[in-house]
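**Q** Generate coordinates for the sequence data below:
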Amino acid sequence: MANFTAKDVNELRKSTGVGMMDCKKALTEADGDVEKAIEFLREKGLAAAAKKSGRVAAEGVVCTMVDYEKKVGVVIEVNSETDFVGKNADFISFVEACAKTVIDENPADVEALMNCKLAGTDVTVDAALKDKILTIGENLKIRRFTRYEGNVVSYTHGGGRIGVLVKFELDGVAADKDFETFGKDIAMQIAAVSPSYICPMCVPADVVAKEKEIVLAQIENDPKLAGKPAQVKEKMVDGRINKFYKEVCLLKQPFVKDGEIDVAEYIEKTGKGLGGTIKVADFVRYEKGEGIEKREDDFAAEVASMVK
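**A** Coordinates of the predicted model:
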């Protein structure tokens, strides 16, 4: 008996763009394991190299905030049940106060944040959250946050759909308006292209090994390529891996504002223009609701249950 449902097949089809029957076959081969099914489809050349995103669903907002005097930045996600609440001014003010609290108090995690006094109030974040739940009438949840200290730049896209925080190391470069403009460019790049790593050296060895395994399987499954000499296949694998790096590594990506150069070249050029060097030390990208499965209401089933 199959260890998956029609809904699983449909979700795999949505995430890969592959036909329904091929998705069903892949899930059968993978015994219902979605990650293995995606690998199966890629090995067969049916699915493009994928960022295996979870089913994005939860509403709410992603907020970024930087205190340039303290040299601290934060990105935080707070979820609500509906998009309507996510745009509510009172809700957004609460999220901004939570971000300010993270900057000021430096809590270790969400649990610690809940016990902090909410910025600008005499109540804890936990108490304020419960009050908002009662006032707004929806379940609200502080899901996650990331806090950086140092030379930090942030960017928020789509009214809080995506938030990016980037930390830089500067040598001979002033953290002035010109630097902030440059930093915003890098943050926008991350928001738009969604890299997973800074550079090829940052990619874990097991990830590279798995990618090589998938590429080699694609070659072996292609009748036109399977008979090629081993050294030719090796060069093909190297070429595909370099392409993979350009997709997942920030510094290797073509710069969105100038496709003639990559991000590394843009950073080097800007650093020299500002009288020193600039290095991306870390970054984080939040997308509202990523990895959270949204409840899908079946209206027909709901009506049927009501008339039973």
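
**Q** Pass me the low-pLDDT residue ranges in the stretch 201-308 of the chain, would you?
**A** Along the stretch 201-308 of the chain, the model assigns pLDDT under 70 to residues 293-308.

**Q** Can you measure across stretch 214-227, start residue to end residue?
**A** One end of stretch 214-227 to the other measures 17 Å (C-alpha to C-alpha, to the nearest Å).

**Q** which residues make contact with it from outside it?
**A** Glu39, Arg42, Glu43, Lys44, Gly45, Lys228, Lys233, Met236, Val237, Arg240, Ile241 (C-beta atoms under 8 Å, 6 or more residues apart in numbering). The way it works is simple: take the backbone N, C-alpha and C, and place the C-beta from them, glycine included.

**Q** Return the set of buried residues in it.
**A** Ile214, Val215, Leu216, Ala217, Gln218, Ile219 (16 or more other C-beta atoms under 10 Å).

**Q** Only the buried subset of the contacts of stretch 214-227, as a PyMOL command please.
**A** PyMOL command restricting the contacts of stretch 214-227 to the buried ones, with burial defined by 16+ other C-beta under 10 Å:
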select buried, resi 39+42+43+44+233+236+237+240+241
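
**Q** biggest separation within the contacts of stretch 214-227, which pair?
**A** Glu39 and Lys228 (22.7 Å; C-beta to C-beta).

**Q** Please work out which residues outside stretch 256-274 touch it.
**A** 173-174, 178-179, 182, 185-186, 188-189, 192-193, 199, 246, 250-255, 277-280.

**Q** Could you pull out the strands in this protein for me?
**A** 59-67, 72-80, 141-149, 151-157, 162-171, 254-255, 258-262, 277-287 (DSSP state E).

**Q** any idea which of those strands is most buried?
**A** When these are scored by mean count of other C-beta atoms under 10 Å, the highest mean neighbour count falls to strand 72-80 (a mean of 25).

**Q** Return whichever helix in the chain runs longest as CSV; C-alpha atoms alone will do.
**A** Counting by DSSP state H, the longest helix found in the chain is helix 230-248. Extracted in CSV, the C-alpha atoms of helix 230-248 (Å, rounded to 0.1, in the frame of the first residue of the first chain):
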residue,chain,number,x,y,z
ALA,A,230,35.1,8.8,-17.6
GLN,A,231,37.3,11.9,-17.9
VAL,A,232,34.7,13.6,-20.0
LYS,A,233,32.0,12.8,-17.5
GLU,A,234,34.2,14.1,-14.7
LYS,A,235,34.6,17.5,-16.6
MET,A,236,30.8,17.6,-17.1
VAL,A,237,30.3,17.0,-13.4
ASP,A,238,32.8,19.8,-12.6
GLY,A,239,30.9,22.1,-15.0
ARG,A,240,27.6,21.4,-13.4
ILE,A,241,29.0,21.9,-9.9
ASN,A,242,30.3,25.3,-10.9
LYS,A,243,26.8,26.1,-12.2
PHE,A,244,25.4,24.9,-8.8
TYR,A,245,27.8,27.2,-7.0
LYS,A,246,26.5,30.2,-9.1
GLU,A,247,23.0,29.3,-8.0
VAL,A,248,23.5,28.8,-4.2
